[in-house]
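>>> Requesting a structural model of the entry that follows:
(one chain, ligands or ions: 1)
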Amino acid sequence: MAISRLIVEHFRNLNAVDLEFDHGFNFLVGNNGSGKTSLLESIFYLGHGRSFKSAVTTRIISYEQPHFTLHGRIQESQHQWSVGLQKHRKDGTTIVKINGEDGNKIADLAHLLPMQIITPEGLTLLNGGPAYRRAFLDWGLFHHHPSFHSAWSALNRFLKQRNAALQQTYDYSSLKIWDVELAKLAHQVSQWRAEYAEALRPEIEQTCQLFLPELEISVSFHQGWDKNTEYADLLRENFERDKHLGYTFSGPQKADFRFKANGLPVEDVLSRGQLKLLMCALRLAQGEHLMHEKERPCIFLIDDFASELDQNKRALLAERLQQSQSQVFVTAITADQLKQMQPEKHRTFAVQEGKISPLG
Ligand SMILES: Nc1ncnc2c1ncn2[C@@H]1O[C@H](COP(=O)(O)OP(=O)(O)OP(=O)(O)O)[C@@H](O)[C@H]1O
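Residues are numbered from 1 along each chain as shown. Here you go, the predicted structure:
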């Protein structure tokens, strides 16, 4: 799985970019504000239908332009896809095309383009709220389990409806029928999450051994309510409390995937550098797990990160990424920062005021 060509129009300061990428390593080198992150952001947008930087999409469209357009050519062994995404400023519509056909969904793009992003802001995976770690687990399930996305969407819909109904109802009997369905979905999603967390655990522990050999990292999954209680019983028992709060307090929407170092929460005891290494190891382990289980290589987007790792760790990261047969995009301000990361086959691009050109 690799993006062999990318055309970007009117995305932040990238007004007209057309690039052929290496299926292995691609380095983007340029000054502050030149457009390196914007290129990673455009690739991420193509695979997620959203940005990792801005929640307000109109801020991503180049100033005074009506829309941005992204076109990608994706290759995986003998197969090739042409994908396109256009986002309009005026009414916020998104048009997704796959092989020239309209009517596709963002989820279809996401299936084609499994991606991991490693940025300094990504530390929220470790020191942010549980939602970041649920998203980490659910990314894996989305790619590993064909039914996960529809079950997860239905679960969120049911929860939303239940929370709305809680504000209007005085009698549990009117909720009961919905709660039976909600409980089924909650158990299914939680079981998948628990199984995936368990399958990922050895891969995480092994990768952490390499990146942080001085620490013993352990992981644990928490489903969001007491694991010995039936969710339907809990919903019934907690009806009055939920009604008082105006939302459903416990459940899969509270699940977490926690990390400890030598038995203590990582966010409390690790240095910032160690947290970054751990985040890197987790994303790498997850990408490698997808490769091992499904033979699907992942695309890695690494923003402004090499500068924050010491030389040995940079070389280690590059070696592991190479072994995983992933396509990798790495940004840096100077080529010097990438010295320890360069495999034999790679492509380097110079980024300057929104223009990107291959070097050498
Ligand atoms: N909607 C927009 N239209 C045009 N330009 C924009 C828009 N949004 C942001 N910019 C500009 O695009 C430029 C690209 O920033 P980007 O984050 O890609 O830089 P970078 O090369 O990653 O820099 P750094 O090394 O500082 O992280 C910035 O100068 C920014 O001000």
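
>>> ok, Gly30 - contacts?
Neighbouring residues of Gly30 by CB atoms under 8 Å, 6 or more residues apart in numbering: Lys36, Thr331, Ile333, Ala350, Val351, Gln352. (Glycine included, C-beta is placed from N, CA and C.)

>>> Could you give the bridge partners of the closest residue to Lys105 other than its chain neighbours?
Spatially, and ignoring its direct neighbours in sequence, Lys105 is nearest to Val96 (6.5 Å; CB to CB, 6 or more residues apart in numbering). Per DSSP bridges, the residues bridged to Val96 are Leu85.

>>> And the pLDDT at the residue nearest to Phe305 when sequence neighbours are not counted?
Computed as CB to CB, 6+ apart, the closest residue to Phe305 that is not its neighbour in sequence is Ile118, at 5.5 Å. At Ile118, the predicted lDDT confidence score is 93.

>>> Check the residue nearest to Lys105 and give its pLDDT.
We have a pLDDT of 95 for Val96.

>>> and what of Met1?
87.

>>> That one and Pro297 touch, don't they?
Yes. The criterion here is CB atoms under 8 Å, and Met1 meets it with Pro297 at 4.9 Å.

>>> Give me the below-cutoff pLDDT ranges for this structure.
In the predicted model of the chain, residues 306-307, 360 satisfy pLDDT under 70.

>>> those strands in it, which residues are they?
Taking DSSP state E, the strands of the chain run over residues 2-11, 14-20, 25-30, 67-76, 79-88, 94-98, 115-118, 217-222, 256-261, 264-265, 299-302, 327-332, 346-352, 355-358.

>>> quick revisit: does the residue nearest to Phe305 touch Asp304 like I think?
No. If you go by CB under 8 Å, Ile118 and Asp304 don't touch, sitting 9.6 Å apart.

>>> okay, those two: which has more neighbours?
Ile118 (22 against 19; other CB atoms under 10 Å).

>>> Next, the contact list for the more buried one, please.
Met279, Cys280, Arg283, Phe300, Leu301, Ile302, Asp303, Phe305.

>>> For the third one, give its distance to the ligand.
From Arg283 across to the ligand, the span is 19 Å (CB to the nearest ligand atom, to the nearest Å).

>>> for Trp139, same thing?
Noted for Trp139: a distance of 24 Å to the ligand, by CB to the nearest ligand atom.

>>> got it, and Asp22?
20 Å.

>>> correct me, but that residue touches Arg347?
Yes. At 4.1 Å, Asp22 counts as touching Arg347 under the criterion of CB under 8 Å.

>>> How many residues are close by the spatially closest residue to Phe148 that is not a sequence neighbour?
Nearest non-adjacent residue to Phe148, counting by CB to CB, 6+ apart: Leu141, 4.2 Å away. When neighbours are defined as other CB under 10 Å, Leu141 has 19 of them.

>>> Distance to Glu230 for the strands of the chain - can I get that in a markdown table?
Shown next, in a markdown table, are the strands of the chain (distance: least, CB to CB, whole Å):
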| stretch | distance to Glu230 |
| --- | --- |
| strand 2-11 | 46 |
| strand 14-20 | 52 |
| strand 25-30 | 50 |
| strand 67-76 | 42 |
| strand 79-88 | 42 |
| strand 94-98 | 40 |
| strand 115-118 | 36 |
| strand 217-222 | 17 |
| strand 256-261 | 20 |
| strand 264-265 | 29 |
| strand 299-302 | 41 |
| strand 327-332 | 45 |
| strand 346-352 | 54 |
| strand 355-358 | 55 |
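
>>> I'd like those as JSON lines, with distance to the ligand appended.
Converted to JSON lines, those look like this (distance: least, CB to the nearest ligand atom, whole Å):
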{"stretch": "strand 2-11", "distance to the ligand": "8"}
{"stretch": "strand 14-20", "distance to the ligand": "8"}
{"stretch": "strand 25-30", "distance to the ligand": "5"}
{"stretch": "strand 67-76", "distance to the ligand": "9"}
{"stretch": "strand 79-88", "distance to the ligand": "12"}
{"stretch": "strand 94-98", "distance to the ligand": "17"}
{"stretch": "strand 115-118", "distance to the ligand": "13"}
{"stretch": "strand 217-222", "distance to the ligand": "29"}
{"stretch": "strand 256-261", "distance to the ligand": "27"}
{"stretch": "strand 264-265", "distance to the ligand": "30"}
{"stretch": "strand 299-302", "distance to the ligand": "12"}
{"stretch": "strand 327-332", "distance to the ligand": "6"}
{"stretch": "strand 346-352", "distance to the ligand": "6"}
{"stretch": "strand 355-358", "distance to the ligand": "10"}
